[in-house]
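1. Quick check, what structure comes out for this input:
(chains A, B and C)
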Amino acid sequence: MLGLIAVAAWSVLYVEHNGHAVTGMNNQIVWGLPHVFAIILIVAASGALNVASIASVFDRKAYKPLSRLSGILAIALLVGGLLVLVLDLGRPDRLLVAMTTFNFSSIFTWNILLYTGFMGIVGMYLWVQMDRSVHPKFVKPVGVLAFVWRLILTTGTGSIFGWLVARPGYDAAVMAPMFIALSFSLGLAVFLIVLIALYRLDERKIGDEIIARLTHLLGIFIAAAMYFAVLQHVTNLYAAEHSGIERFILREGGIFTTLFWWGQIALGGLLPLALIFGKHPSNASSRAIVASILVILGAFAQLYVIIIGGQAYPMEMFPGYEITSSFYDGAIASYSPSFFELSLGVGGVAVAILATGIAAKVLRILPTNLADKKT
Amino acid sequence: MSPKDNFVLPDLPENPSRRGFFKSGATAVTLTLAPGITVMAFGGTPASAAGADAGKRWGLLIDVNKCAKDCTACVTACKDENGWEGHGDPEQNSQWIRKVTMRNKSTGHETQMPVMCQHCEEPPCVDVCPTGASFKRVDGIVLVDKHTCIGCRYCMMACPFKARSFVHEPVNNQKPHAPRGQGTVESCTLCVHRVDEGRIPACVEACDTAGHGAMIFGDLNDPTSDISKALASYPSVALRPDLDLNPGVRYANL
Amino acid sequence: MKRLLTLVSLLFAVLAQPASAQDGGWLYGPTLPEATGDPHPEGNDYMRKYHMELMKHDRDMTLRDGDREIEASLKECFDCHTVKDERTGAPVTYEDERHFCRTCHDYVAVKVDCFMCHRSTPEGFEEPSPLHARLLDLSTQSELAKVENYIASLETSSDQ
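-> Numbers count the residues shown, from 1 in each chain, chains lettered A, B, ... in the order given. Reported below is the predicted structural model:
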């Protein structure tokens, strides 16, 4: 982990010194791999808090022991994601400007407030759960606040794209709920993997029943995420003005088409659903891990198609006309990510994992024994 | 001698001793009055207005029929004036203005015209900028405040005209009136440094010099200006009119 | 305790010496290049302390309000505060440690952000490529050519 973080840090310094010219991003593909990683981490962060919310807000007692890990993971993933986002800025030395000068008509500004607020609220959530001097009656109200806040936060994240009128691949109200649904499935997938991994590493017992329940929940969330994705594309297909972008993503987009069908739909949707709801004899843990990995890969594909595919397809400045220019108008843009972008994204993931691992070691967030109750 | 002997309270920003000498009495009057009043007092001529005037709205009218095929005078003039000619990867070089060739898919008819920042009345780039670096001046010119720009490129995602460019490499030898640097976003400024002095943008001047006269620059709020009279006489459109952004740049005979 | 107090007060006395290049030099500190033209009416110490506040205020007036009548722009500074290379007579850019702003700012280790976007020499001078800002890979022909061109440009300007 530390090695990956060191490589990421070196990448950032190299890019800052030489300019973004050394990355694969350009004036056509403005946001690249770092943004894909960052959005994945941020969406996963808001979703990872779900398990705690189910326990506190929806009063499912079985999930209560998992709430603390859920909170810690949410903060760690968010920090990782924000780190990637900030370090990719053209002028990250101006972070203080971004934190003090606000333009409230920009969803980005609201996101800055939502993200930092999220960390504060989840911190408070953890505190009311973990501090023995605080009465348990505070857990539910803070839990409700955290749950509502994270829904607003994920709406904000989806609206980064949903509120862009310029590009046909965005400009849709369905972006916000689609991101919320994605956060549910992706967040739970990440949580499951981290939970099982931490228990295995520490040789603690974790029962199959709790894993099976979480996996079943994951299946429902995957279905919800797929519903919104299908809704987005079917709606776009219906409108003649969006037929171009849909043809691009669904049929003629090369890498984007492959990622959409094989990545998002197959790996991220159909395969894990078959695994979870099918009659496979595999044990609960391996089923959970495989399904979760598939969901993560699928989410990665989905966000790559959304973020980069949405930019690769040219803007329709003159519907009905073919346009060409020296600025690549009308041309489908190509994107080859550089090593620096990959290492920055991976570095963000490494920071999140490292933070979670350290927290699990140092703080009392994991129950020592989650084995099934013996009846 | 103690440090306290050298301590001086900062002067108020209005203190004239810091401002150097005034060029003329008219300048003094101009500075002390609000810009709107200045326009009314001096008859609204551009040369006497000091700075952004809320009574004006600057715009461009581009006659696509007069735009000569394969002529790039406007692009070259903008490069010379503002110094954005890049020597790196063409996909990463800045382009404040470019010639776009349009071919009607059904009829095969081709036209060309320059496209630059449209200086919208409701600019999406201004809405999405997290720090407010992308802003619209009171006279309608949309600019990037590079002191505040953090280089997030959200405005580039939001612009419906692909007007904005990101500076991917370290820059120096900038034009004194057009600072630009690595890590910030830039776009056509409507030659604001010229407009503030009462001149016209470099692209318009170059088109006139080349003999095509396809671009007219002027005050859209002034019904007696050349541009307003032209807009009233023959049909013109905005690009992407369905977005309802009311740009300051219009195209005739598109 | 008494010795400590004496030592500390001696340190204070030494460190509290006024900063004024005109008084025949600092006790320790940077050597500032001579400026040309008239001195600032507010005084050098005022300028040293408040130049950033003045510039920040003026830049917003110029950029947002379009006020270009202010005669205190960054360009104006270089009318008097240009440092020329002794051999070639060409003004030095911010990349050179002899640049006026760098003589102080390097000493106090305060980063100057201005010249990432603004030019650091008077108008009309062709600044050479920003060699320092990039990790040079002299194995590539284009990089080598850039260095050779730069050296050649120094030599030709000294011939004039």
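2. State the number of residues packed around the closest residue to A:Pro319 other than its chain neighbours.
-> The spatially closest residue to A:Pro319, leaving aside those adjacent along the chain, is A:Glu241, at 6.9 Å (Cβ to Cβ, 6 or more residues apart in numbering or on different chains). Quick note: C-beta positions are derived from backbone N, CA and C, even for glycine. Using other Cβ atoms under 10 Å in any protein chain shown, the number of residues around A:Glu241 comes to 11.
3. Am I right that A:Glu241 is in a helix?
-> Yes. Under DSSP: H, G, I helix; E, B strand; the rest coil, A:Glu241 sits within a helix.
4. residues near the closest residue to chain C within the stretch 101-250 of chain B, how many?
-> At 3.3 Å from chain C, B:Gly181 is the closest residue in the stretch 101-250 of chain B, using Cβ to the nearest Cβ. If you count neighbours by other Cβ under 10 Å, B:Gly181 ends up with 24.
5. And it, how close does it get to B:Gln174?
-> Look at B:Gly181 and B:Gln174: by Cβ to Cβ, to the nearest Å, they are 8 Å apart.
6. cool, and B:Cys125?
-> The value you get for B:Cys125 to B:Gln174, if Cβ to Cβ is used, is 22 Å.
7. can you check B:Lys105 too?
-> B:Lys105 sits 41 Å away from B:Gln174, going by Cβ to Cβ.
8. Check A:Arg204 too.
-> A:Arg204 is 61 Å from B:Gln174, where distance means Cβ to Cβ.
9. circling back to that earlier point, okay, B:Lys105 and B:Gln174: which has more neighbours?
-> More neighbours surround B:Gln174 than the other of B:Lys105 and B:Gln174, with 20 against 12 (other Cβ under 10 Å).
10. ok, that one to A:Leu217 distance?
-> Separation of B:Gln174 from A:Leu217 (Cβ to Cβ) stands at 57 Å.
11. just C:Gly43 next, same as before
-> Look at C:Gly43 and A:Leu217: by Cβ to Cβ, they are 72 Å apart.
12. So which of those two has more stuff around it?
-> The residue with more neighbours, out of C:Gly43 and A:Leu217, is A:Leu217; 20 against 13, by other Cβ under 10 Å.
13. I'd say that one and A:Leu188 touch.
-> Yes. Contact criterion Cβ atoms under 8 Å: A:Leu217 and A:Leu188 qualify, at 6.3 Å.
14. how far is the longest helix along chain C from where the chain is centred?
-> Longest helix of chain C, by residue count under DSSP state H: helix C:44-65. How far helix C:44-65 lies from its chain's middle: 16 Å, per Cα atoms, centre = their mean, to the nearest Å.
15. Pull out the buried positions in it.
-> C:44-46, C:48-50, C:54-55, C:58-59, C:62-63, C:65 (16 or more other Cβ atoms under 10 Å in any protein chain shown).
16. so B:Pro114, which of the three states?
-> With three-state DSSP as the basis, B:Pro114 sits in strand.
17. Contacts only, for it.
-> Residues near B:Pro114 by Cβ atoms under 8 Å, 6 or more residues apart in numbering or on different chains: B:Ile62, B:Cys67, B:Cys74, B:Val75, B:Ile97, B:Arg98, B:Lys99, B:Val100, B:Cys203, B:Met215.
18. Please tell me how far the second one sits from B:Thr76.
-> Using Cβ to Cβ, one obtains 14 Å as the distance from B:Cys67 to B:Thr76.
19. Mind checking which of those two has more residues around it?
-> Higher neighbour count among B:Cys67 and B:Thr76: B:Cys67, with 20 against 16, using other Cβ under 10 Å.
20. Could you pull up phi and psi at that one?
-> Phi and psi for B:Cys67, reported as degrees, to the nearest 10, are phi -70, psi 120.
21. Then the one 4 residues further on?
-> Phi and psi for B:Cys71, reported as degrees, to the nearest 10, are phi -90, psi 130.
22. State the pLDDT value of it.
-> You'll see B:Cys71 listed with a pLDDT of 93.
23. burial of it, as a residue count?
-> B:Cys71 has 18 neighbouring residues, counting by other Cβ under 10 Å.
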